[in-house]
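A.B. asks: Give me the fold of what follows.
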Amino acid sequence: MAKEPDDIFSLILESQKADRQTPINISSHRNEEAFPDWAPTGEGRLAIDVYDVVQEILVVAPMAGVDPETVDVHIHEDLLSIRGIRQKPALTDMASGQYHAECYWGPFSRSIVLPADVASGGAVAEYTHGLLSIRIPKTKESKGRTIPIEIVDE
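C.D. replies: Alright, predicted model coming up:
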């Protein structure tokens, strides 16, 4: 394929060639001190999406490469916690270096406060094709009440 000046993909690939020449040691490039709120040391942070679906909350988390037996899902009142371990593929044991690294291998977790009152006893979690889906029924919405403000003279 001939490179054309307007072929953005060719330009991107060309600009990355210098970065691919030497394997890197990813552990020496990871600066956890610069990003302390990303995740506890030695633990990755799980990406999630949370949806409002009529009478339930739907939480979706992509977890490709994770053995579902290593995943723990826990709901306590309005707090959802997901923990697990993503094992590094055995085929990488043969590698003497790494050219590029974006994947996190090892323990991960995520805890969020759910946006509505839920009935945790009716929650269902499914793991299909590397995607964890958790459906949590909402409780009956309570009607808000007006709270009168008492004016106190100082």
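A.B. asks: just checking, next helix/strand downstream of the helix-or-strand element of the chain with minimal mean pLDDT?
C.D. replies: The helix or strand of the chain with the lowest confidence, counting by mean pLDDT, DSSP states H and E, is helix 26-29 at a mean of 43. Once helix 26-29 ends, the next helix or strand along the chain (criterion: DSSP states H and E) is strand 44-45.
A.B. asks: so what strands line up beside that following strand?
C.D. replies: Using DSSP bridges, the strands paired with strand 44-45 in its sheet are strand 106-113 (parallel).
A.B. asks: Would you state the helices of this protein in chain order?
C.D. replies: Counting by DSSP state H, one finds helices in the chain at the ranges 8-16, 26-29.
A.B. asks: ok, and the closest non-adjacent residue to residue 59?
C.D. replies: Leaving out its chain neighbours, the residue that sits closest to residue 59 by CB to CB, 6 or more residues apart in numbering is residue 134, at 4.3 Å. C-beta: built from backbone N, CA, C; applies to glycine.
A.B. asks: My guess is that neighbour contacts residue 123. True?
C.D. replies: Yes. Counting by CB atoms under 8 Å, residue 134 touches residue 123, with 6.4 Å between them.
A.B. asks: where do the contact lists of these two overlap?
C.D. replies: Taking CB atoms under 8 Å, 6 or more residues apart in numbering as the contact definition, residue 134 and residue 123 share the neighbouring residues residue 73.
A.B. asks: Looking at those two, which is more packed in?
C.D. replies: Comparing residue 134 with residue 123 by neighbour count (other CB atoms under 10 Å), the higher total belongs to residue 134, at 21 against 18.
A.B. asks: Based on its surroundings, how many neighbours for residue 136?
C.D. replies: Using other CB under 10 Å as the criterion, residue 136 is surrounded by 23 other residues.
A.B. asks: list the contacts for it?
C.D. replies: Under the criterion of CB under 8 Å, 6+ apart, the contact list for residue 136 reads 56, 57, 58, 59, 75, 80, 114, 118, 119, 120, 122, 123.
A.B. asks: which residue packs closest to residue 50, ignoring adjacent ones?
C.D. replies: Once flanking residues are discounted, residue 50 sits nearest to residue 59: 5.3 Å by CB to CB, 6+ apart.
A.B. asks: I meant to write residue 133 there.
C.D. replies: With CB to CB, 6+ apart as the criterion, residue 133 has its nearest non-adjacent residue at 5.0 Å, and that residue is residue 126.
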